[in-house]
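Engineer: Here is a sequence together with a model predicted from it:
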Amino acid sequence: MSCANQLAAYAVTEQQSLGRDIDEVACRSRSEFQRDRDRVIHCTAFRRLEYKTQVFINHEGDLYRTRLTHSLEVAQIARSVARALKLNEDLTEAIALAHDLGHTPFGHAGQDALNLCMQKYGGFEHNFQSLRVVDHLEEKYPEFNGLNLMFDTREGILKHCSLKNARGMGVLGARFINRTQPSLEAQLTNIADEIAYNNHDVDDGLRSGLITLSQLSQVELFATHYRIVEKKYPALSDKRKAQAAIRNIIDQCVTDLIDNTQANISHDGIHTLSEVRSNPRALVSFSADIKEKMAELKSFLHSNLYQHEQVNVMSENARKTIKLLFERYFEQPSLLPAEHQHKAHIKRDKLGDAGFARVTADYIAGMTDRYAEAEYKRLHVDNST
């Protein structure tokens, strides 16, 4: 479906792309965006996502979602939407698979903690870190650091960016300064991410027992679909009814997103990629009805799952772990692996403490949950003796 003659006129094509920072010989058997997808799948940071938290600490249960399973689910949803809209599926999949490469251990609690540690040195944001991973931190190729991805893939990874960072990023940062839009492929991946984590966090929350069907009955979107399933399959267990309801919610969200986006494209008279980028508003969006219902679901999850006592305990432990790791590495660089010590000293010579702090943050962000916990125990014991 990503062949140019099968795409809508406003989809991204290789011919319209700004390409790679470093020119490469074309591959005879794969498109450039297929190559991007494959590079992401084979990179070290992607494999680490298997052992990084979505909501629950990785070892809390074998069936809870991790950053890896979440990324795969986002890719599936995003590619389905891209196909229906005749957009570039390979680009969409590459963005979806890469969007969380820079995520810290311990989910958003880890990110928040590392951001606090980095406040004096430019802060930390996982979207920007994902871009650092694909632009600089992966070391697989003899010709360059990073993965040398296509411009449009990198654009899609960078969902948010401060004006300060944007000013130093050239063309990639221009849309944050000029308030223009990214490609439709980037826009839809962002919303596919929202569909995936809202619905799958409901599933994991029920599985853990931290939220209940009784509580969810107060959420209109879930309650409506649960009643439909219950009426059609009264003999099913509550667990299977809930899973069917979640699946149906995802289907409704995807269908609504496709229909509303097509209506937006038609209403705004969009015919080219340049018109997508210059349009005053994002074109990929839910209808007002689904947007409101998804906001209610998100608010429910924030109050009842993400702020649950047990999750708060895990989050507080995560913050303590990240804080101690950063402080110990920063105070005693010899605790870092030799390779990172070397990088840190080079960066400190060039950029002072800010350079050293960034290398430290890169190292911590790349850890899995289990490795970060093991390092915490090692460094905490060393600090106590």
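Structural biologist: Nice, thanks for sending it over.
Engineer: quick check: longest helix of this structure.
Structural biologist: helix 238-267 (DSSP state H).
Engineer: how about that helix: buried residues?
Structural biologist: The neighbour-count check on helix 238-267 (16 or more other C-beta atoms under 10 Å) flags 241-246, 248-250, 252-254, 256-258, 260-261, 264-265 as buried. In this view, the C-beta of every residue, glycine as well, is placed from N, C-alpha and C.
Engineer: Past it, which element shows up next along the chain?
Structural biologist: Counting by DSSP states H and E, the next helix or strand C-terminal to helix 238-267 is helix 273-278.
Engineer: neighbouring contacts of that next one?
Structural biologist: The contact list for helix 273-278 (C-beta atoms under 8 Å, 6 or more residues apart in numbering) reads 9-12, 16, 175, 180-184, 268-270, 283.
Engineer: In PyMOL, how would I select the buried members of these?
Structural biologist: In PyMOL syntax, the buried subset of those is picked out as below (16+ other C-beta under 10 Å):
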select buried, resi 10+11+12+175+181+182+183+184+270+283
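Engineer: any idea of the mean pLDDT in stretch 227-237?
Structural biologist: On average, the pLDDT along stretch 227-237 is 97.
Engineer: Relative to the whole chain's centre, how far out is that stretch?
Structural biologist: Centre-to-centre, stretch 227-237 and its host chain are 34 Å apart (C-alpha atoms, centre = their mean, to the nearest Å).
Engineer: re earlier: same for the longest helix of the chain, what does it pack against?
Structural biologist: When contacts are defined as 3 or more C-beta pairs under 8 Å, 6 or more residues apart in numbering; DSSP states H and E, helix 238-267 sits against helix 67-85, helix 184-208, helix 213-216, helix 220-232, helix 288-301.
Engineer: Next, the angle from the fourth one to helix 238-267.
Structural biologist: Counting by axes from the mean of the first three to the mean of the last three C-alpha atoms, to 10 degrees, helix 220-232 lies at 120 degrees to helix 238-267.
Engineer: Against which helices or strands is helix 220-232 packed?
Structural biologist: Using 3+ C-beta pairs under 8 Å, 6+ apart: helix 220-232 touches helix 213-216, helix 238-267, helix 288-301.
Engineer: cutoff 7 Å now
Structural biologist: Judged by 3 or more C-beta pairs under 7 Å, 6 or more residues apart in numbering; DSSP states H and E, the packing partners of helix 220-232 are helix 238-267, helix 288-301.
Engineer: Equivalent analysis for the shortest one, please.
Structural biologist: In terms of contacts (3+ C-beta pairs under 7 Å, 6+ apart), helix 213-216 is packed against no helix or strand at all.
Engineer: what comes into contact with it?
Structural biologist: Contacts to helix 213-216, defined as C-beta atoms under 7 Å, 6 or more residues apart in numbering, come from residues 222-223, 238, 242, 304.
Engineer: if you average pLDDT over it, what comes out?
Structural biologist: 97.
Engineer: With the second one instead?
Structural biologist: pLDDT averaged over helix 184-208 equals 95, rounded to a whole number.
Engineer: what does the last one give?
Structural biologist: Averaged across helix 288-301, the pLDDT comes to 97.
Engineer: picking up where we left off before, which among the helices and strands packed on helix 220-232 is found nearest to residue 360?
Structural biologist: Nearest to residue 360 among the helices and strands packed on helix 220-232 is helix 288-301 (32.1 Å), distances taken as C-beta to C-beta.
Engineer: Low-confidence ranges, the protein, go.
Structural biologist: Across the chain, the ranges flagged by pLDDT under 70 are 1-5, 54, 56-63, 382-385.
Engineer: domains in it, as residue ranges please.
Structural biologist: Per the record, the chain has its domains at 29-309, 317-384, by automatic domain parsing.
Engineer: and the shortest one, how far out from the chain's middle?
Structural biologist: In other words, domain 317-384. 23 Å.
Engineer: Against residue 148, how distant is residue 142?
Structural biologist: Here the criterion is C-beta to C-beta, to the nearest Å. By it, residue 142 lies 12 Å from residue 148.
Engineer: More neighbours: the two, which one.
Structural biologist: Between residue 142 and residue 148, counted using other C-beta atoms under 10 Å, the more crowded position is residue 148 (21 against 5).
Engineer: Am I right that residue 8 sits in a strand?
Structural biologist: No. Under DSSP: H, G, I helix; E, B strand; the rest coil, residue 8 sits outside any strand and is assigned coil.
Engineer: I figured residue 257 hits residue 282, correct?
Structural biologist: No. Residue 257 is beyond contact range of residue 282, at 11.9 Å (criterion: C-beta atoms under 7 Å).
Engineer: Spatially, what comes nearest to residue 329 if we skip its sequence neighbours?
Structural biologist: residue 360 (4.9 Å; C-beta to C-beta, 6 or more residues apart in numbering).
Engineer: since we're on the one you found, how many residues are nearby?
Structural biologist: 26.
Engineer: distance of it from residue 350?
Structural biologist: Remark: distance between residue 360 and residue 350 (C-beta to C-beta) = 15 Å.
Engineer: Then residue 145?
Structural biologist: According to C-beta to C-beta, residue 145 and residue 350 sit 16 Å apart.
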